[in-house]
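*Asks:* what follows is a predicted protein model with its sequence.
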Amino acid sequence: MAYDVGMLVLALGVIVFAVLFFTTWRSKNEMYAEKKELEESYEELEDSYEVLSNQEKELINLYDKSRQNEERLRKLAFVDTLTELPNRDAIVDQINDLLKSMRTEDQVSLMYLDVDNLKKVNDTLGYTYGDELLIDITYRIKQVLTKEDVMARISGDEFVILTQDIVDYSEYEEKIKKIMTVFNYPFSLAEKDYFVNMNIGICNLEKEIKNAATAIKYANAAMDQAREIGKGQYYYFNEELKTKLMEQIQRQADVRIAFEKNEFFSVYQPILDMKEHKVIGFESLLRWDHGEEGILCPDEFLEAAVESGIIVPLGISFLKKACKALGYWHKNGYPELLLMVNLSERQLLDYDVVFDIDLILKESKVAPDRLVFDISEKSFESNEQLVSQRVKELKGLGVGVCFDNFGSKKGALGCVLKSEFDFVKVDRSLLQSLEEDEKKALFIRDLGVLFENLDCSVIYEGIEEPEQLETVEAFKSKLAQGFLFGNPLKEAEVIGYLETWMM
């Protein structure tokens, strides 16, 4: 019996041990599995963390690049890339903000600076040297400025300087004079010294000036007045100039209305061959039938037409009427008549001008070689290369081209020699008092011979005195026009005039 109990106890012990061993073994395996699972989860977390960290770095990089791009765009939008000055948009914003917060006692002024001779530098040396000149100008002017000043470049050769917190206007004027003084010294370009002039207009900002556009316009008007006085001058905007500016604005509005009402018309000044004693053609001249001021000539409204933006459509309308009149004269017994029509500087710069002229010629059925376009030297000053190209394109249509007002400015001879003109009109200023100046008369005569040798017919315009006509009759060229032969004619008067000369 005791043996059985012992065996039972032993058996129970074995069972307990087995249970404990199995439980412990299972627990260890479970712990190992859990540990392994935890380790794998940790590794996944580490991988996820690394991915998130990389993504965070990428986002930070993208944010930094975005800020850099935003800064670059802001700089492109508000900074002049050549001089690194604020540009027009930037200074306009600053002036507008300033005007909104200005107090009555605040003293603020705006300078408008215009550089002369930049175009000559660009044309003779190239735009690289022109850019170098602008950078040098900027550097010199900035040496004169103080913390109260903000300088901006608002166009190719134009700058503005906004000055706040002015305490003493005599000191401000000294600053202007110092700016002018920096242009007394030459600028070194391409191993040569060049002198540049600067004109300045000044507008003192007041509460009545509502926006930057008005402030800049006033300062610009003052600068134009300074330029009229001479090179290297400055001028303050004042009430007299304001009245003048308001009149210009009103004239621009009147011109637009006049165009819509068809108040512009043409008159025709004859061009005569003195040797053959006949009329070879006419110059078509634009007039404005102004209700209050009477008949106005182009000098009294052409600038307003340009500023108001109607000069191109006005020129097209003018040409259509001229071609219609020329076609009528050709059909009524005068098929050889020429008609000369002025092309303004703005028209020549218009992209569609040659296409428009070609279309008008086709619609009017006028022979192209009976139409001649007058182009003044002033047109070459703005863009000589483009205007010279226009001359070639016009000649490609078969029309004639005339260099108008030769002698009114310097450099006219060079312009004539560079382009193939059919006619040259000698300006009336060269014909005045010829009988009192024998050398001048000989010079003009020799010019005529030079142009004739270039197959370029010379027309002496502005013949008003019999003595001038006698002098011109001694020249090789016999073509002339002027009030001595009568006032410009209305279209209905032309046939009668022709019959008088060509019987």
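*Replies:* That came through fine. Quick caveat: nothing in here was measured; it's all calculated off a predicted structure.
*Asks:* hey, let's count contacts and neighbours off CA atoms from now on
*Replies:* Will do.
*Asks:* which SS class is Q252?
*Replies:* Three-state assignment for Q252 (DSSP: H, G, I helix; E, B strand; the rest coil): helix.
*Asks:* okay, it and L469: tell me how far apart.
*Replies:* 39 Å (CA to CA, to the nearest Å).
*Asks:* and if you look at R287?
*Replies:* For R287, the distance to L469 - CA to CA - is 27 Å.
*Asks:* these two: who's more crowded?
*Replies:* Each of R287 and L469 has its neighbours counted (other CA atoms under 10 Å); L469 has more, 21 against 18.
*Asks:* pretty sure H277 contacts L498?
*Replies:* No - proximity of H277 to L498 does not meet the contact threshold set by CA atoms under 8 Å, at 11.4 Å.
*Asks:* which of those two has more neighbours?
*Replies:* L498 (18 against 12).
*Asks:* nearest residue to that one in space, please, no chain neighbours.
*Replies:* V279 (7.0 Å; CA to CA, 6 or more residues apart in numbering).
*Asks:* torsion angles phi and psi at the one you found?
*Replies:* Per-residue torsions, V279: phi -90, psi 120 (degrees, to the nearest 10).
*Asks:* that one: how many residues sit nearby?
*Replies:* Neighbour number of V279 under other CA under 10 Å is 23.
*Asks:* can you tell me the SS state at L113?
*Replies:* From three-state DSSP, the assignment for L113 is strand.
*Asks:* so how far is stretch 381-397 off the chain centroid?
*Replies:* 18 Å (CA atoms, centre = their mean, to the nearest Å).
*Asks:* packing partners for the strand or helix carrying D136?
*Replies:* Applying DSSP states H and E as the criterion places D136 in helix 127-144. Helices and strands touching helix 127-144, as assessed by 3 or more CA pairs under 8 Å, 6 or more residues apart in numbering; DSSP states H and E, comprise helix 118-125, helix 169-181, strand 187-189.
*Asks:* ok, 6 Å please
*Replies:* Other helices and strands packing on helix 127-144, by 3 or more CA pairs under 6 Å, 6 or more residues apart in numbering; DSSP states H and E, are absent; none qualifies.
*Asks:* pLDDT of it, averaged?
*Replies:* Taken as a whole, helix 127-144 has an average pLDDT of 91.
*Asks:* what residues of the next helix or strand after that helix count as buried?
*Replies:* Where DSSP H and E defines the elements, the next helix or strand beyond helix 127-144 is strand 149-155. Across strand 149-155, burial judged by 16 or more other CA atoms under 10 Å covers D149, V150, M151, A152, R153, I154.
*Asks:* possible to save the residues you listed as JSON lines with pLDDT?
*Replies:* Output for the buried residues of strand 149-155, formatted as JSON lines (pLDDT from 0 to 100):
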{"residue": "D149", "pLDDT": "93"}
{"residue": "V150", "pLDDT": "95"}
{"residue": "M151", "pLDDT": "96"}
{"residue": "A152", "pLDDT": "95"}
{"residue": "R153", "pLDDT": "95"}
{"residue": "I154", "pLDDT": "92"}
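*Asks:* turn those into CSV, columns for distance to D131.
*Replies:* Listed next are these as CSV, based on distance: CA to CA, whole Å:
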residue, distance to D131
D149, 23
V150, 21
M151, 17
A152, 15
R153, 13
I154, 15
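*Asks:* thinking again about what came up before, was I right about the residue nearest to L498 contacting L272?
*Replies:* Yes - assessed by CA atoms under 6 Å, V279 is found in contact with L272 at 4.4 Å.
*Asks:* need the strands for the stretch 151-300 of the chain, in chain order.
*Replies:* 158-163, 187-189, 192-194, 198-205, 234-236, 264-273, 278-290, 294-296 (DSSP state E, counting those that start in this stretch).
*Asks:* list the strands paired with the third one, with their directions.
*Replies:* Meaning strand 192-194. strand 187-189 (antiparallel) (DSSP bridges).
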